[in-house]
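In: here is the input, now give the coordinates:
(chains A and B)
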Amino acid sequence: MTDDLDILLSAPLPDVADHGFSMRVVEKIEAREVWNERLTWGLPALVACLAAPFLPLREFAGTVVHLGPALAGSTALSLAAGAIILTLSLEQRFRESQSAL
Amino acid sequence: MAMSAEGLLRDAAAGDAGAFGALVREHQSKVRGFLRRLTRGDAALADDLAQETFFEAWRKIAQYRGEGSFGGWLCGIAWSRFLMERRKRKEEPTEDIDQTAAFDPQDGSAAKLDLERAMARLAPAESAALTLCYALGHSHGEAAEILKLPLGTVKSHVLRGREKLQAMLETNHD
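Out: Okay, here's the model as predicted:
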């Protein structure tokens, strides 16, 4: 009985025919991806468009015109930007080396 | 030319749904079979859980580090999905389930049918541990990782589950 039970238990599970299961999973995944993309880009764009008429854009543009030259010449800002770019490139390289393993 | 499993995994992790589809086709039978046994032959529920398993696998595929088999990793997600569903439904006691309706006699011999009926009477963790270690060929250690249980607990689930099955099948024969 013990041997019989071992043989029964060790038998592979019955094969389950696909019958379109995989295709349905992939279709739903692709549909979800489309919605995610719409939510990620479309929703903020829509909100920005709706809010634009109510924003003080003229004052904002004036501030940018005044601050622009000062920021462009800032050493601290240049160093910070350089540090961010360096960090992002190193992170990208690290990811590439990990996925290559 | 067919792509290697590693290639498919790499492409799927990079967001290629087609590559992930090939992985689903390769592993669907194992995952659905495992879930059918856990749900005591409820094919519709097992397929819903299998679908949720593959959605979660798609979201988390970048986290798969290649430690253990991909099939085992999927079974781990399937097991946690099953537990979540069970908590949600506060599953009815074993005695209330019509186990004869759960399995198709054409799937195998009378002995296999007896085994499935007896398996349906085990605690889910016992059934899962036995299925992983025997039918799916995982080691006790791998089963412990998949079920997120200590190794000793898995070993005792296998031992106790096997003893219960033996007793039930012997009673059937008497």
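In: and chain B, which residues reach chain A?
Out: By the rule Cβ under 8 Å from any Cβ of the partner chain, the part of chain B lying against chain A is B:10, B:13, B:17-18, B:20-21, B:24-25, B:28-30, B:32-34, B:36-37, B:47, B:50-51, B:54-55, B:58, B:107-108, B:111-112, B:115, B:130-131, B:134-136, B:162, B:165-166, B:169-170. For every residue, glycine as well, the C-beta is placed using N, CA and C.
In: among the residues you listed, which lie within helices?
Out: Within those, residues falling in helices by DSSP state H are B:10, B:13, B:17-18, B:20-21, B:24-25, B:28-30, B:32-34, B:36-37, B:47, B:50-51, B:54-55, B:58, B:111-112, B:115, B:130, B:162, B:165-166, B:169-170.
In: ChimeraX command to pick out the buried ones of those?
Out: ChimeraX command restricting these to the buried ones, with burial defined by 16 or more other Cβ atoms under 10 Å in any protein chain shown:
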select /B:10,13,17,20,21,24,28,29,30,32,33,34,36,37,47,50,51,54,55,58,111,115,130,162,165,169
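In: give the burial count for the residue nearest to residue B:35 when sequence neighbours are not counted, as a bare number.
Out: Nearest in space to residue B:35, with sequence neighbours left out and distances taken as Cβ to Cβ, 6 or more residues apart in numbering or on different chains, is residue B:46 at 3.9 Å. For residue B:46, the neighbour count with other Cβ atoms under 10 Å in any protein chain shown is 23.
In: any idea of the pLDDT on residue B:39?
Out: Looking at residue B:39, its pLDDT stands at 94.
In: that one touches residue B:48, doesn't it?
Out: No. With contacts counted by Cβ atoms under 8 Å, residue B:39 stays clear of residue B:48, the gap being 9.4 Å.
In: tell me the confidence at the residue nearest to residue B:35?
Out: pLDDT at residue B:46 comes out at 96.
In: where does chain B have low pLDDT?
Out: For chain B, the stretches flagged by pLDDT under 70 are B:1-2, B:91-108, B:173-174.
In: so what are the domain limits for it?
Out: Annotated domains of chain B cover B:1-91, B:101-174 [automatic domain parsing].
In: adding distance to residue A:37, write those out as JSON lines.
Out: Shown next, in JSON lines, are those (distance: least, Cβ to Cβ, whole Å):
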{"stretch": "domain B:1-91", "distance to residue A:37": "11"}
{"stretch": "domain B:101-174", "distance to residue A:37": "33"}
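In: tell me the buried residues in the strand or helix carrying residue A:68?
Out: Assigned by DSSP states H and E, residue A:68 belongs to helix A:57-72. When neighbours are counted by 16+ other Cβ under 10 Å, no buried residue of helix A:57-72 is found.
In: now swap in stretch B:131-142 and tell me
Out: B:131, B:132, B:133, B:134, B:135, B:136, B:138, B:142.
In: the first one and residue B:35: what is the separation?
Out: In this structure, residue B:131 lies at 10 Å from residue B:35, with Cβ to Cβ, to the nearest Å as the measure.
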